[in-house]
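>>> pasting the structure only:
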């Protein structure tokens, strides 16, 4: 199955699941998850929609799977906390860097948002899972950028 078809399938699944998230939003409870989700979505777009050389495609697909897994963990936590992730704007990105560097910057911001102390023990596992996948995506992209320089 092609990467674009997989991505399309993920998009359909995500679009179908988002209406299940309640519209109520409690200010002050886990607002950083919403920011992190927006950042992850932007990083995903940067990796997917600005395709690179053929040799990079396999690694980019690996990074996309990790980003998708991080987004899924945050989405599940958002449903549990009645957060609405449906209409988030894309995170702002600087135009002075390459697309993978931009994706790494946005992933770093998502990491900072997710790394805050979690006071709800039920959410710690989801947060940790999202962090693991975000970090894996970051390292895949970092390795790709390093190899591209050589």
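The structure has been received and is ready for your questions. Bear in mind the structure is a predicted one, so any value in this text is a computation, not a measurement.

>>> remind me which residues of the chain are low pLDDT?
Residue ranges of the chain with pLDDT under 70: 1-31, 50-55, 81-96, 149-150.

>>> could you redo the last one with a cut-off of 90?
Low-confidence segments of the chain, defined by pLDDT under 90: 1-38, 42, 45-60, 72-102, 113-127, 144-150.

>>> which element is the spatially closest residue to residue 37 that is not a sequence neighbour on?
Using C-beta to C-beta, 6 or more residues apart in numbering and skipping the chain neighbours, the partner closest in space to residue 37 is residue 74 (4.7 Å). For every residue, glycine as well, the C-beta is placed using N, CA and C. Using DSSP states H and E, residue 74 maps to helix 54-80.

>>> buried sites along that helix?
Residues of helix 54-80 classed as buried by neighbour count (16 or more other C-beta atoms under 10 Å): 56, 59-75, 77-79.

>>> cool, stretch 137-150 as well?
For stretch 137-150, a neighbour-count test (16+ other C-beta under 10 Å) marks 137-138, 140-141, 144-145 as buried.

>>> what packs against the strand or helix carrying residue 40?
Element membership for residue 40 (DSSP H and E) is helix 31-49. Judged by 3 or more C-beta pairs under 8 Å, 6 or more residues apart in numbering; DSSP states H and E, helix 31-49 is in contact with helix 54-80, helix 99-114, helix 121-148.
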